[in-house]
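Undergrad: A structural model of the following input is requested.
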Amino acid sequence: MKILFINSFEPDYLSDSLFHGFHQLLGENFIYLHQYDAMFENNDEFVRKYPKHFTLYGNLSKCTNDKSDIEYKIRKHYFDYIIYGSIRRHQDHLDLVLQNYKKPETTSLLRLGIIT
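TA: Just a heads-up that it's a prediction; the model follows:
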């Protein structure tokens, strides 16, 4: 299973929790659109700034994140799921996703920020 996660650059607990869980479960099959360094190890600056959030932030190990040809991959249904961490904050490639994935699938899941 391959998942594209379209996330925000700023902290958002719900989105970040999804990011954390999918990253741990899927590893290299979890592709995230924007680099979010706060989630990964060796980010002492974020951990010092927000010390109470240590269980979620700063403890993932990095793995390969192949972000090449995202638009082509969306057109060819390379991803099993496309998840928007917050559809209100980021709508990157939304028009392309809605054009290339079936509308009945996207309509109900769009409210949750998940598009299949």
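
Undergrad: Who are the packing partners of the longest helix anywhere in the chain?
TA: Assignment by DSSP state H gives helix 13-26 as the longest helix of the chain. When contacts are defined as 3 or more CB pairs under 8 Å, 6 or more residues apart in numbering; DSSP states H and E, helix 13-26 packs onto strand 3-6, strand 30-32. For every residue, glycine as well, the C-beta is placed using N, CA and C.

Undergrad: Redo the ones you listed as a markdown table? Include mean pLDDT and mean neighbour count.
TA: A markdown table is the format used below for the helices and strands packed on helix 13-26 (pLDDT from 0 to 100; neighbours: other CB atoms under 10 Å):
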| stretch | mean pLDDT | mean neighbour count |
| --- | --- | --- |
| strand 3-6 | 89 | 22 |
| strand 30-32 | 91 | 20 |
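
Undergrad: Which among those is found nearest to residue 97?
TA: Judged by CB to CB, the one of those that comes nearest to residue 97 is strand 3-6, at 8.8 Å.

Undergrad: Walk me through which strands the closest one pairs with, and which way each runs.
TA: If you go by DSSP bridges, strand 3-6 pairs up with strand 30-32 (parallel), strand 81-84 (parallel).

Undergrad: Need these in JSON lines (columns: distance to residue 3).
TA: Below are these laid out as JSON lines (distance: least, CB to CB, whole Å):
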{"stretch": "strand 30-32", "distance to residue 3": "5"}
{"stretch": "strand 81-84", "distance to residue 3": "5"}
